[in-house]
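Engineer: Structural data only, the sequence is not supplied:
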Ligand SMILES: *Cc1c(COP(=O)(O)O)cnc(C)c1O
């Protein structure tokens, strides 16, 4: 091994003013959930995304869960979910006892394929599902259950084809929960990710483009829904001098201390996006002439925050070099990289559920590698990465 400091895939990157907001929370004794930083952070998020209302929560996962509760997702209902995502997207469906129906990606954004989505909707409506080859179908799938929501994801910051997805959703009148956990600041022709669906969700986990160390938000233009989300997220306390409850509550609110970090991070969001996009340009520049290595360019009008830069490595064209060979070579230099997210339809825990394939996510998982993408990467880090990458891809 070497004694260089480890270069991480996507470490937190704190700016100058986070501490000030956190100090304010201490100075005013707002070390509780709720408080001025929570209100301020919610206003910042609404302004940034162009969505009217935001609820700051303990995690992005909590935001997805609350969105599904607000859409009345019940045990046995169907919820359509992008297969190529992080498990949190699909876990929330199971928290409600609902049945995830996985939809594959298209090649231009790596996100939910609108054509496969329509097939999945028709199957949910008829109860007529194709057999899932990876499944023994031992867990019964009820037929003609209610389809309650569609969850597309903007993976690695690249917007999904929201116009086509929303058109299908509107045609069949199915609400959309947009998982924008990785896509704060991404947009299509100026319309921000998180603002297309009935609900948008964000994450401020430590690895995301901005962080509160842990946190998330639920976005919606529907004020009553966001008010309800805040109520459910703070233990569903009815107005009464004693503790009174007429609904099951959750402890999902963001604390005023962490919201202070969020307010500081919002001041540097545009810088963080510029830095992440510069990482992507760096990798394209470095590897564009290496045969068998390809990137995900932005479709016309699409703007990605480039949360993670990733490459596809086709060993048929690289002379046999695989993405795993590259990953191990980087690891030897103490540089973290990671295969693209393993699709949900390939995960043991989700294998019994229906899946509508295009073949794309299987290929992406086989060939794809996420490269170090932190906004705090230094020129020295880049030199190390370049040296390690070039040593393996050109020998
Ligand atoms: C991070 C992430 C989540 C979950 O967010 P947490 O804040 O970690 O709970 C959900 N979906 C996607 C696509 C994510 O990347």
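Structural biologist: Arrived safely, thanks for sending. Fair warning: this is a prediction, and the values are worked out from it, not measured in the lab. Residues are numbered from 1 along each chain as shown.
Engineer: is stretch 208-225 anywhere near the ligand?
Structural biologist: Yes. Residues of stretch 208-225 are located near the ligand by Cβ under 6 Å from any ligand atom, namely residue 216. For the C-beta atoms, the positions are set from N, CA and C on the backbone; glycine is no exception.
Engineer: Over to stretch 7-14?
Structural biologist: No. Using Cβ under 6 Å from any ligand atom, stretch 7-14 stays clear of the ligand, coming no nearer than 10.3 Å.
Engineer: what's the span of that stretch from first residue to last?
Structural biologist: Length of stretch 7-14, first residue to last, Cα to Cα, to the nearest Å: 16 Å.
Engineer: Which residues belonging to that stretch are considered buried?
Structural biologist: 7-8, 10-13 (16 or more other Cβ atoms under 10 Å).
Engineer: Stretch 101-117 too?
Structural biologist: By 16+ other Cβ under 10 Å, the buried positions in stretch 101-117 come out as 101-106, 108-114, 116-117.
Engineer: sorry, back to before: can you tell me which two in the buried residues of stretch 7-14 are farthest apart?
Structural biologist: Farthest apart among these by Cβ to Cβ are 7 and 12. That separation is 14.1 Å.
Engineer: so after the longest helix along the chain, what's the next helix or strand?
Structural biologist: The residue-count maximum for a helix in the chain (DSSP state H) belongs to helix 269-287. Next in sequence after helix 269-287, counting helices and strands by DSSP states H and E, comes strand 293-294.
Engineer: What's the mean pLDDT across that following strand?
Structural biologist: Averaged over strand 293-294, pLDDT sits at 97.
Engineer: Excluding chain neighbours, give the residue nearest to the residue of the stretch 1-150 of the chain found nearest the ligand in space.
Structural biologist: Nearest residue of the stretch 1-150 of the chain to the ligand (Cβ to the nearest ligand atom) works out as residue 60 at 2.6 Å. Excluding the flanking residues, the one nearest residue 60 by Cβ to Cβ, 6 or more residues apart in numbering is residue 203, at 3.0 Å.
Engineer: now do residue 46
Structural biologist: residue 54 is the one closest to residue 46 (Cβ to Cβ, 6+ apart), at 4.8 Å.
Engineer: Enumerate every residue touching the one you found.
Structural biologist: Residues counted as contacts of residue 54 (Cβ atoms under 8 Å, 6 or more residues apart in numbering) are 42-43, 45-46, 217-219, 226.
Engineer: ok, residue 36 touching residue 27?
Structural biologist: No. Here residue 36 does not reach residue 27: they are 11.3 Å apart, not a contact under Cβ atoms under 8 Å.
Engineer: These two - which one has more neighbours?
Structural biologist: residue 36 (16 against 8; other Cβ atoms under 10 Å).
Engineer: Next one, pLDDT for that one please.
Structural biologist: pLDDT recorded at residue 36 is 91.
Engineer: Find the nearest non-adjacent residue to it, please.
Structural biologist: residue 30 (6.4 Å).
Engineer: just residue 97 next, same as before
Structural biologist: residue 75 (3.2 Å).
Engineer: Please enumerate the strands of the stretch 201-350 of the chain.
Structural biologist: For the stretch 201-350 of the chain, the strands defined by DSSP state E, counting those that start in this stretch occupy 216-220, 293-294, 302-303, 309-313, 338-339.
Engineer: Off-centre distance for the last one?
Structural biologist: The chain centroid and the centroid of strand 338-339 are separated by 16 Å, computed with Cα atoms, centre = their mean, to the nearest Å.
Engineer: and if you look at the fourth one?
Structural biologist: Chain-centre distance of strand 309-313: 18 Å, with Cα atoms, centre = their mean.
Engineer: now swap in stretch 71-89 and tell me
Structural biologist: 14 Å.
Engineer: For the ligand, tell me whether that stretch is touching it.
Structural biologist: Yes. Stretch 71-89 comes into contact with the ligand (Cβ under 6 Å from any ligand atom), by way of 85-86, 88-89.
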